[in-house]
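Colleague: What follows is a predicted protein model with its sequence.
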Amino acid sequence: MGDGLMMDSGLITASGGRLPEWACFERSHNLSVCPDEMNVAGWYVEYHPASHYWPTQSIETAVVVALAALALWAAFAVLRTRHP
């Protein structure tokens, strides 16, 4: 996990629900104590591994290029209608 990109982290309850990582601190005002009624079972971390970098980069680049091509097409269409 050290060479990935962390996307989200927090607490997980015994029922599988997710809480933000500061949920215990809001109730107890102590970083190391979590109230029993919250039923916190542990932590979770979501991340993108390093192997996702180039596929994600390629998809994002394709979207930007498509939007630029659409903007260029629209600009020429407007020019064509205003200057026959």
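Modeller: Good, I have the coordinates.
Colleague: Mind giving me the packing neighbours of the worst-scoring helix or strand of the chain on mean pLDDT?
Modeller: Ranked by mean pLDDT, DSSP states H and E, the helix or strand of the chain with the weakest confidence is helix 23-28, at a mean of 87. In this structure, helix 23-28 packs against strand 5-13, with contacts taken as 3 or more CB pairs under 8 Å, 6 or more residues apart in numbering; DSSP states H and E. (Glycine included, C-beta is placed from N, CA and C.)
Colleague: Can you list the strands that whatever helix or strand comes next after the strand it packs on pairs with?
Modeller: Using DSSP states H and E, the helix or strand that follows strand 5-13 in sequence is strand 18-20. According to DSSP bridges, strand 18-20 forms sheet pairs with strand 5-13 (antiparallel).
Colleague: ok, and what's touching the strand it pairs with?
Modeller: With CB atoms under 8 Å, 6 or more residues apart in numbering as the test, strand 5-13 has contacts from 18-21, 23-24, 34, 38-48, 53.
Colleague: same question for the helix ranked longest in the chain, mean pLDDT?
Modeller: Criterion DSSP state H: the longest helix present in the chain is helix 53-82. Computed over helix 53-82, the mean pLDDT rounds to 96.
Colleague: And that helix, what's buried?
Modeller: By neighbour count with 16 or more other CB atoms under 10 Å, helix 53-82 contains no buried residues.
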